[in-house]
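Visitor: Predicted model, plus sequence, below.
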Number of protein chains: 2
Amino acid sequence: MAEARIDIDRLFHALGDPTRRAIVDRLSAGPASVSRLAAPLAITVTAVSQHLAVLEQSGLVKTQKSGRVRLCHIEAAGFNALERWIGEHRARWDERLDRLGDVLNDED
Amino acid sequence: MAEARIDIDRLFHALGDPTRRAIVDRLSAGPASVSRLAAPLAITVTAVSQHLAVLEQSGLVKTQKSGRVRLCHIEAAGFNALERWIGEHRARWDERLDRLGDVLNDED
DNA sequence: TCAATAGTGAAGTGTGTACTTCAGTAATAA
DNA sequence: TTATTACTGAAGTACACACTTCACTATTGA
């Protein structure tokens, strides 16, 4: 699985930028070219290209150039790793919530 | 629900920093004070305090000061919002995967 | 009361990074 | 061939922000 290569650090860093999340938003509605992604974004195509490199390295987006057009689309690997990270943390503190509740009650 | 107040921008920005994720890691194993969080982190207590302000604003962590000690613990709201964000995106592109697959096959 | 502990506010520094412009390559259209 | 389109690499700028030190305010213990 490609998910094994996913670096959680790259992943959260990639999604930490609002422009990159906007790109992910748009791509989750369907694939698009670089210039099409840039159109509504009020930044240059160059900047979008740089963002796409970050997104691709993070495993959230995959691109492939056919001719002079680079077609971009969502990749599952990044999202899977993200969900797994959340799930692991939730599992850890979910089972402690009862005890935590007791501690907080004691503090009051 | 407190989750309605959660800003997805603050959320991803908060988790985009590795030190803050380390704090979340530790807190998911149970509540801790500021100085206890700082101990393994090779940064000053002041820096940790600043990180905690970010985490608290994002809805991932909640803190309460009793006496001179601030006790910090994980809050569910941020994680719920995070899972919802992922779920919404996944739902959108999951249903398009078949059609995307066709497009990619055409490109080959 | 005095000292030690736990934490915070203010102000400054340095680095990362999001963005730009410019120049260039490669593919398509005329 | 020439022009246009789609994109990328390099280099520079500006700002955000992670971090520090210093000074300070509680709170707790002796």
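Guide: Arrived safely, thanks for sending.
Visitor: Show me what counts as buried in stretch A:7-17.
Guide: A:8, A:10-17 (16 or more other Cβ atoms under 10 Å in any protein chain shown). Quick note: C-beta positions are derived from backbone N, CA and C, even for glycine.
Visitor: Same check on stretch A:30-41?
Guide: A:31-34, A:37-38.
Visitor: got it, and stretch A:64-79?
Guide: Neighbour-count burial for stretch A:64-79, with 16+ other Cβ under 10 Å as criterion, is recorded at A:70-79.
Visitor: can you put those residues in CSV and add pLDDT, distance to A:Ala42 and secondary structure?
Guide: Formatted as CSV, those follow (pLDDT from 0 to 100; distance: Cβ to Cβ, whole Å; DSSP: H, G, I helix; E, B strand; the rest coil):
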residue, pLDDT, distance to A:Ala42, secondary structure
A:Arg70, 98, 20, strand
A:Leu71, 98, 22, strand
A:Cys72, 97, 19, strand
A:His73, 96, 23, strand
A:Ile74, 95, 22, strand
A:Glu75, 94, 26, coil
A:Ala76, 92, 29, helix
A:Ala77, 93, 29, helix
A:Gly78, 95, 25, helix
A:Phe79, 95, 26, helix
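Visitor: Among these, list the two that are farthest apart in space.
Guide: For these, the maximum inter-member distance is 20.9 Å, found between A:Arg70 and A:Phe79 (Cβ to Cβ).
Visitor: Stretch A:50-59 vs DNA strand D: in contact?
Guide: Yes: Stretch A:50-59 lies within reach of DNA strand D by Cβ under 7 Å from any atom of the strand, at A:52-53.
Visitor: And the average pLDDT for that stretch is what?
Guide: Mean per-residue pLDDT for stretch A:50-59: 97.
Visitor: Show me which residues of chain A are close to chain B?
Guide: Listed as neighbours of chain B in chain A under the rule Cβ under 8 Å from any Cβ of the partner chain: A:8-9, A:12-13, A:15-18, A:21, A:24-25, A:27-31, A:64, A:66, A:71, A:73-74, A:79, A:82-83, A:86, A:89-90, A:92-93, A:96, A:100, A:103-104, A:107.
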